[in-house]
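A.B. asks: mind looking at a prediction? Sequence and model below.
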Amino acid sequence: MSDLDRRKFLKSAGAIAALGGLGVLGAGTNRPAFAQSSTKSDLPDIIQKTIPSTGETIPAVGLGSWITFNVGNDMELRDQCADVMSAFFKAGGRMIDSSPMYGSAQDVIGYGLDALGAHDKVFSTDKVWTSGDGADQIAETSDRWKVEQFDLLQVHNLLGINDNLPLLFRMKDAGQLRYVGVTTSHGRRTDDLMAVMKNERLDFVQVTYNPVDRKVEEYLLPLAYDRGIAVIVNRPFRGGSLTERLEGQPLPEFARELEVKSWAQLILKYLIAHPAVTCPIPATTKPAHAAENMAAATGPLPDDKMREQIAAVIGVLV
């Protein structure tokens, strides 16, 4: 497959049309190894995405903690965050993502996991963000989360990559960590990120992506697909500004076919339908929104034509 054909394929939601139970509209016949559906007796039919390096599956929507979980020692707000986590888990979610640079978010997640008795439910995802002693920072992060082993640790914004990435690989080789990744946000250092993706055996990469910020569709997502690297999507709502701009606007008529009830769900389905995307991680302060976001990982997904319609409509409105 040529580079041009590969980019066209990866922009097509029809590439995941054969996924059992996902109800992709305008379905084709190709089936990538990156996604599948899964039914559990006590949960809705949650769309699962496959982690290419192992074949493990995780729910197609996660939970971010940037800004929203930075509530300090305010117990009322900590309990509210625990309620968000509770709603997220009850709706079938697993991946929660944080960072040492998110203020008190790590402590708040640890508090919530303890309060809910949910250490066995979470796919724990955090970052190392230091140009100094990464091992010390990771140990502190583990204490804050109150976990013995993380599922995934990532080098945040490529900071200290030459020291921190080898550290994470050593931890993985020693059985102290399950997955290794790197992150960027706001489209920063794309060339540097792609160089790391080409030269290192990454399990995950985390990037900014939404129907407005689409540059990663051209090169980065195809590269992740080719290299078998799972993709976490940060800032799916542009830190909330995208859904705020869309608030009060009627959903497009075609959205009925996707069984969505909000712009947030429409945006998440746009992302989930991309065959290279593993898990967007929207953040929220409201339990109802956590459940609403998880509901985007159920029911029909848009095909490639409808994805373009979604991007076009949102582009006009914002």
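C.D. replies: Structure's in. What do you need?
A.B. asks: can you point out the buried residues in stretch 117-131?
C.D. replies: Judged by neighbour count using 16 or more other C-beta atoms under 10 Å, the buried positions of stretch 117-131 are 118, 122-130. For the C-beta atoms, the positions are set from N, CA and C on the backbone; glycine is no exception.
A.B. asks: okay, the residues you listed in CSV with pLDDT next?
C.D. replies: Compiled in CSV, the buried residues of stretch 117-131 are given as follows (pLDDT from 0 to 100):
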residue, pLDDT
118, 97
122, 98
123, 98
124, 98
125, 98
126, 98
127, 98
128, 97
129, 92
130, 90
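A.B. asks: pick the one among the residues you listed closest to residue 283.
C.D. replies: Within these, the smallest distance to residue 283 is 12.9 Å, found for residue 125 (C-beta to C-beta).
A.B. asks: quick check: that closest one is in a strand.
C.D. replies: Yes - counting by DSSP: H, G, I helix; E, B strand; the rest coil, residue 125 is found in a strand.
A.B. asks: quickly list what it is bridged to.
C.D. replies: residue 97, residue 152 (DSSP bridges).
A.B. asks: give the contact list for it.
C.D. replies: 62, 95-98, 150-154, 232 (C-beta atoms under 8 Å, 6 or more residues apart in numbering).
A.B. asks: in PyMOL, how would I select the buried members of those?
C.D. replies: In PyMOL, this line selects whichever of these come out buried by 16+ other C-beta under 10 Å:
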select buried, resi 62+95+96+97+98+150+151+152+153+154+232
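A.B. asks: just the closest of the contacts of residue 125 to residue 258, please.
C.D. replies: Distance to residue 258, by C-beta to C-beta, is smallest for residue 62 among the contacts of residue 125, at 19.9 Å.
A.B. asks: from residue 94, how far off is that closest one?
C.D. replies: Separation of residue 62 from residue 94 (C-beta to C-beta, to the nearest Å): 7 Å.
A.B. asks: pull up the overlap in contacts between the two.
C.D. replies: Common neighbours of residue 62 and residue 94 (criterion: C-beta under 8 Å, 6+ apart): residue 123.
A.B. asks: using the three-state scheme, assign residue 58.
C.D. replies: Residue 58 ends up strand, using three-state DSSP.
A.B. asks: so how far is residue 174 from it?
C.D. replies: As judged by C-beta to C-beta, residue 58 and residue 174 stand 23 Å apart.
A.B. asks: these two - which one has more neighbours?
C.D. replies: Ranked by neighbour count (other C-beta atoms under 10 Å), residue 58 and residue 174 place residue 58 first, with 22 against 8.
A.B. asks: measure that one to residue 204 for me?
C.D. replies: Counting by C-beta to C-beta, the gap between residue 58 and residue 204 amounts to 11 Å.
A.B. asks: so what's in contact with the two at the same time?
C.D. replies: 51, 278.
A.B. asks: can you give the distance of whichever helix in the chain runs longest from its chain's centre?
C.D. replies: For the chain, the helix with the greatest residue count under DSSP state H is helix 75-90. Relative to the centre of its chain, helix 75-90 is centred 19 Å away, using C-alpha atoms, centre = their mean, to the nearest Å.
A.B. asks: quick one, strands of the chain?
C.D. replies: 35-38, 46-50, 57-59, 95-97, 123-128, 150-155, 177-183, 204-208, 230-234, 279-280 (DSSP state E).
A.B. asks: mind checking the ones you listed for the one nearest to residue 74?
C.D. replies: Closest approach to residue 74 among those is made by strand 95-97 (19.7 Å; C-beta to C-beta).
A.B. asks: counting contacts, what elements does the closest one pack onto?
C.D. replies: Secondary-structure packing of strand 95-97 (3 or more C-beta pairs under 8 Å, 6 or more residues apart in numbering; DSSP states H and E): strand 123-128, strand 230-234.
A.B. asks: so which of those is nearest residue 303?
C.D. replies: Here strand 230-234 is closest among the helices and strands packed on strand 95-97 (C-beta to C-beta), at 19.3 Å.
A.B. asks: can you list the strands that the closest one pairs with?
C.D. replies: Strand pairing (DSSP bridges) places strand 230-234 next to strand 204-208 (parallel), strand 279-280 (parallel).
A.B. asks: helix or strand with the lowest mean pLDDT in this structure?
C.D. replies: strand 35-38 (a mean of 41; mean pLDDT, DSSP states H and E).
A.B. asks: how about the helices of the protein, start to end?
C.D. replies: Using DSSP H, the helices found in the chain span residues 3-10, 75-90, 105-116, 134-145, 161-173, 190-199, 220-227, 241-246, 263-272, 287-295, 304-317.
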